[in-house]
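**Q** Okay, sequence plus prediction incoming.
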Amino acid sequence: MTFNRGLLLTISIIVPFFCFSQNPVPYKWGEKYGFIDAVSGKVLINPIYDKVYPFSENRALVYRLGKGYFIDPTGTIKIILKYDSALSFTEDYSGVKLGPNWGYIDKLGTLKIPLKFEKTYPFSEGMAVVQKTGKYGYIDKSGKEVISPQFDFALEFANGLAAVKKGGKYGYINTSGKLVIPAVYDKAANFYNGVSVVAQNGKYGIIDKTGNVLLPIEQDWVSVFSEELVRVKKGELWGFANISGVMLIPAMYDWAADFQTGYAKVKKNNRYGFIDKTGTIVIPLEYQWLEDLDADGEVMAVKSGNWGCINTKNEIVAPFKYKVIRPFSEDLAVITIGGKYGYLDKKCKLAIPFLYDYAYDVVNGWAEVVKADRTLFIDRHGNCVKYCE
């Protein structure tokens, strides 16, 4: 299980490029970082930063030359930081560090909770985990210790409960600090829609907020929830359980991915397909490989060693005619015809023509190619960006 409690970020500085989008996501171009639109891929904030972190509550931490800012989705500087480290904003607060001590600032950059903690973590449900004298407890937004530091470790509150570790075991407390589910687990995740994944003696299961076991703690692995379902491994086989702990899809596959937009990729006998949430096979398990479904319900597939494109009705959208060289890298795949190399996009369209004597994967927006015994670098559109004539 992976417990996500926010990223610890190192501060830096930027010179922003002003552009607007509702969906800016980080991307890397060469050795620098910027932001693109999550849907169109259009560059929104130029790649001029040494490091960037994802937007959270309309603020992103970026750094350059050892100093930092929080910017908004237009690239406008909102806070000039004077701290050594910072956390992403959650519930309007960001944890900041100066020297050995941590506190919190608001979205104006005002220090709201003094720098007096050994560590701070993101706010959740009005409280935040803090570390003091080696122990973990909880504060509210005024900085008051509402649950005194007494735990060996602690997770943020979710659904009114928080997992805490004491004496080598995990249990759950309520917002008053009362232990409402005994500390008997080796691992414990956050609650989600009233249930949580826990582990005991190397086995995994699901419990509710009273501690009642819904999915027996005898599974070899249980994922976090995705679209109301978890992946469950029993022996060497995979299936899916719902929030009630019911195995809706029996453990029958050699491998399974999380559900996304109502479908999950599965593998059996070294062939891949897709199922829906009833377990019905919508794309037969007959492909050597399948990429993820795109927003249009289409997916790149490999059959008989060639790339093609199909939809969720298993209809061929683009014919299987390009020989597989290597898997997709940053949404482009190297292909070859007649001894020349080019690139295929995830709609099975030729994105970069067959102009090269050899071609390598796209990495950080660039690809190394060979043409007329010369090595050069091109971008995702085939434009030369390095070692050009």
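**A** On my side now, so go ahead. Numbers count the residues shown, from 1 in each chain.

**Q** Residue 135 and residue 145 touch, don't they?
**A** No - no contact is recorded between residue 135 and residue 145 when judged using CB atoms under 8 Å, the distance being 11.2 Å. Backbone N, C-alpha and C define where each C-beta goes, glycine included.

**Q** who's more crowded, the two?
**A** Higher neighbour count among residue 135 and residue 145: residue 135, with 16 against 12, using other CB atoms under 10 Å.

**Q** tell me the contacts of residue 34?
**A** Listed by CB atoms under 8 Å, 6 or more residues apart in numbering, the contact partners of residue 34 are 17, 26-27, 43-49, 52.

**Q** same thing with residue 380?
**A** Residues counted as contacts of residue 380 (CB under 8 Å, 6+ apart) are 330, 332, 351, 362, 365, 367.

**Q** Quick check: ChimeraX command selecting the buried ones in the contacts of residue 34.
**A** Below is the selection syntax for ChimeraX that covers the buried ones among the contacts of residue 34, with 16 or more other CB atoms under 10 Å defining burial:
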select :26,27,43,44,45,46,47,48,49,52
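
**Q** Now distance to residue 151, pLDDT and secondary structure too, for the contacts of residue 34, in a markdown table please.
**A** As requested, these are exported to a markdown table (distance: CB to CB, whole Å; pLDDT from 0 to 100; DSSP: H, G, I helix; E, B strand; the rest coil):
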| residue | distance to residue 151 | pLDDT | secondary structure |
| --- | --- | --- | --- |
| 17 | 44 | 36 | coil |
| 26 | 33 | 93 | strand |
| 27 | 39 | 89 | strand |
| 43 | 45 | 90 | strand |
| 44 | 42 | 94 | strand |
| 45 | 40 | 94 | strand |
| 46 | 44 | 93 | strand |
| 47 | 42 | 92 | strand |
| 48 | 42 | 88 | strand |
| 49 | 37 | 93 | strand |
| 52 | 33 | 96 | strand |
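
**Q** Most widely separated two among the contacts of residue 34?
**A** Within the contacts of residue 34, 17 and 26 form the most distant pair, 14.0 Å apart (CB to CB).

**Q** Residue 291: which of the contacts of residue 34 is nearest?
**A** Each of the contacts of residue 34 was scored against residue 291 by CB to CB, and residue 27 proved nearest at 18.9 Å.

**Q** how close does the closest one sit to residue 77?
**A** Plainly put, residue 27 is 20 Å away from residue 77 if you go by CB to CB, to the nearest Å.

**Q** Next: residue 138.
**A** Between residue 138 and residue 77 the distance, using CB to CB, works out to 32 Å.

**Q** Which of these two has more residues huddled nearby?
**A** The residue with more neighbours, out of residue 138 and residue 77, is residue 138; 27 against 14, by other CB under 10 Å.

**Q** can you tell me the helix or strand for that one?
**A** strand 135-139 (DSSP states H and E).

**Q** Give the residue spans of the stretch 1-150 of the chain that score low on pLDDT.
**A** Within the stretch 1-150 of the chain, the ranges that satisfy pLDDT under 70 run 1-22.

**Q** Domain map for this protein?
**A** In the assignment given by automatic domain parsing, the structural domains of the chain cover 195-253, 257-324, 332-389.

**Q** Including mean pLDDT and distance to residue 103, could those domains go into CSV?
**A** Listed next are the domains of the chain as CSV, based on pLDDT from 0 to 100; distance: least, CB to CB, whole Å:
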stretch, mean pLDDT, distance to residue 103
domain 195-253, 98, 30
domain 257-324, 95, 37
domain 332-389, 93, 35
